[in-house]
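Asks: What would the 3D arrangement of this be:
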Amino acid sequence: MSALPSTIGTEAPRASVAELRERFRAGKAALLTHFAESRATAPAATSLLRALARHVDQTLADLWTHAGLPAGAALLAVGGYGRGELFPYSDVDVLVLLPNDHDGASEALRGTIEGFITACWDIGLEIGSSVRTLDECVTEARADVTVQTALLESRLLTGSRRMFNAFRRINTEAMDPRAFLRAKTFEMRQRQVKYEDTPYALEPNCKESPGGLRDLQVLGWISRAAGLGRTWSEMAANGLLTPFEVKQLLRQEGTLKLIRARLHLVAGRREDRLVFDLQTAVAETFGYHGNTTMRASEMLMQRYYWAAKAVTQLNQVLLQN
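Replies: Numbers count the residues shown, from 1 in each chain. Below you'll find the predicted structure:
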């Protein structure tokens with residue numbers, strides 16, 4: 001497979017929002033076209049997700065500079081985007097982080113932040129944004145485990161690194177790993193019941209259904225909260241996983257990411273359900289054409305169910321660990 005096309009070169013300073021819009025859309029289109037024309041492999045999907053995240057990173061940094069945010073503020077990627085991976089039509093979740101002594105309610109600052117968020121939407125970013133001070137982050141995280149989870153995977157995009165380091169320190173200090181484990185386990189059980197409580201649903205959600213990507217993410221969140229590793233390899237080094245389990249997790253995670261990325265591409269929008277109307281089209285992007293004993297869609301779903309079953313089993317074992 002050929003290398004992903006470069007989408008971001010040396011930019012002229014202070015490009016207009018219109019120029020940034022054109023640059024962003026052309027760059028994203030090039031990445032999606034390259035992926036569509038490539039073989040349907042897990043490494044191709046991983047490369048796409050990382051390249052899309054880098055492309056958005058640069059665009060947001062340019063917009064931040066263009067908006068003229070205060071020097072003491074910082075822009076953070078949070079949630080799934082914070083992992084440094086972005087599916088073709090997923091939301092881009094960001095946090096505008098302000099120092100405690102900043103008056104976030106001041107009319108001038110509020111107008112500047114609103115202008116930045118509006119510019120993000122104008123160029124085509126499906127942005128999900130929040131604006132908080134350091135203290136507000138701690139308060140919100142303690143009150144809502146969903147917020148706490150999103151902040152757990154944060155990374156600095158642009159702005160004050162000092163602020164970001166302070167943010168990471170206070171969030172780490174505020175984390176109660178045992179309480180987080182209980183909350184995320186309860187949340188996961190509720191979600192699995194909502195999505196038919198089986199990895200074998202006829203129209204599974206490859207992100208939220210049992211055995212989907214979310215079950216893998218739960219393991220990563222709990223391990224990170226407990227300081228036991230941010231990657232499968234780090235978890236293995238801390239005795240949570242065997243080398244065989246690491247290999248299985250990487251394989252099944254790659255399969256699920258590939259299916260979800262291809263599903264987004266075929267749907268042309270954020271769509272995480274393998275609905276009947278899309279199964280055949282997605283299967284054909286894998287090169288499946290069916291035969292006298294099995295349709296193309298059945299070949300795809302067999303591959304999905306195999307991965308989902310393995311993830312379900314690994315999830316159960318690792319949560320006990």
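
Asks: okay, CA-based contacts and neighbour counts for the rest of this
Replies: Fine.

Asks: Buried ones in whichever helix or strand residue 118 is part of, by neighbour count?
Replies: Here residue 118 is covered by helix 107-122, with elements defined by DSSP states H and E. Of the residues in helix 107-122, 109, 112-113, 115-117, 119-120 count as buried by neighbour count, 16 or more other C-alpha atoms under 10 Å.

Asks: can you check stretch 67-82 too?
Replies: Neighbour-count burial for stretch 67-82, counted by 16+ other C-alpha under 10 Å, picks out 67, 69-70, 73-82.

Asks: Ok, stretch 139-155 next?
Replies: Neighbour counts using 16+ other C-alpha under 10 Å place 141-142, 145-155 of stretch 139-155 among the buried residues.

Asks: could you dump the residues you listed to TSV with pLDDT?
Replies: Shown next, in TSV, are the buried residues of stretch 139-155 (pLDDT from 0 to 100):
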residue	pLDDT
141	91
142	89
145	91
146	91
147	91
148	93
149	93
150	91
151	92
152	92
153	90
154	94
155	96
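
Asks: and these, which two are the farthest apart?
Replies: The span of these, defined through C-alpha to C-alpha, is set by 142 and 155 at 19.7 Å.

Asks: Spell out the secondary structure type for residue 46.
Replies: Following DSSP: H, G, I helix; E, B strand; the rest coil, we place residue 46 in the helix state.

Asks: likewise residue 151?
Replies: Put simply, residue 151 is helix when judged by three-state DSSP.

Asks: OK, contacts around the residue nearest to it when sequence neighbours are not counted?
Replies: Leaving aside its chain neighbours, residue 151 sits nearest to residue 78 (5.8 Å; criterion: C-alpha to C-alpha, 6 or more residues apart in numbering). For residue 78, the contact set (C-alpha atoms under 8 Å, 6 or more residues apart in numbering) comprises 93-95, 150-155.

Asks: Just send those back as CSV, with distance to residue 247 too.
Replies: Output for the contacts of residue 78, formatted as CSV (distance: C-alpha to C-alpha, whole Å):
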residue, distance to residue 247
93, 30
94, 32
95, 34
150, 27
151, 28
152, 25
153, 23
154, 26
155, 27
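
Asks: Pick the one among those residues closest to residue 50.
Replies: Nearest to residue 50 out of those is residue 155 (C-alpha to C-alpha; 14.0 Å).

Asks: doesn't residue 85 make contact with that closest one?
Replies: No. Using C-alpha atoms under 8 Å, residue 155 is not in contact with residue 85, being 11.8 Å away.

Asks: what residue ranges in the stretch 101-250 of the chain are flagged as low confidence?
Replies: Across the stretch 101-250 of the chain, the ranges flagged by pLDDT under 70 are 102-105.

Asks: Give me the helices and strands touching the helix or strand harbouring residue 142, please.
Replies: Residue 142 belongs to helix 134-143 when assigned by DSSP H and E. Applying 3 or more C-alpha pairs under 8 Å, 6 or more residues apart in numbering; DSSP states H and E, one finds that helix 134-143 contacts helix 145-152, helix 161-174.
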